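A.B. asks: sequence and predicted structure below; questions after.
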Amino acid sequence: MKTDKYKTAVKFLVNGNDIFAFFPRESYDDFHTNLFTAYSHVGQHSSCLVQYADESRPATAEERKPLIKELESIGYNLEILN
C-alpha cells in the first residue's frame, strides 16, 4: 500500500494487556470533544476516551514495534509522539 503524505501524530499506549495507538489530533466524531481515534490489533480502528489514554502508560519500543509495522503496512506515515 502507498504511504500517506500526511503525517499522523500517534502515541503508543498500554492499559492492562491492551496495546494501542492513540491519535491525539484525530477527533473520532464531531459530537464528543473527549473522544479520539485509536487503533489496535484486535478491532482495528475505534474510538478512545482521552481519560482512558491518560490513565495508560507509554508502550516500550519493543511493545509498539508490531503495531507500528501494521499501521505502516496500511499506509500510515507516523509521527510518533512518545
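C.D. replies: The structure has been received and is ready for your questions.
A.B. asks: next, the buried residues of the least confident helix or strand in the chain by mean pLDDT.
C.D. replies: Lowest by mean pLDDT, DSSP states H and E among the helices and strands of the chain is strand 44-49, with a mean of 91. Residues C48 are the ones in strand 44-49 that count as buried (16 or more other Cβ atoms under 10 Å). (Each C-beta comes from the backbone N, C-alpha and C, glycine too.)
A.B. asks: just checking, what packs against it?
C.D. replies: Applying 3 or more Cβ pairs under 8 Å, 6 or more residues apart in numbering; DSSP states H and E, we find strand 44-49 packed against strand 35-40.
A.B. asks: what is the strand it packs on packed up against?
C.D. replies: The contact analysis (3+ Cβ pairs under 8 Å, 6+ apart) places strand 35-40 against strand 18-27, strand 44-49, helix 50-54, helix 61-73.
A.B. asks: beta partners for the most centrally placed residue in the chain?
C.D. replies: Centroid-nearest residue in the chain, with Cα atoms, centre = their mean: A21, separated by 2.0 Å. A21 forms beta bridges with F12, Y39, as assigned by DSSP bridges.
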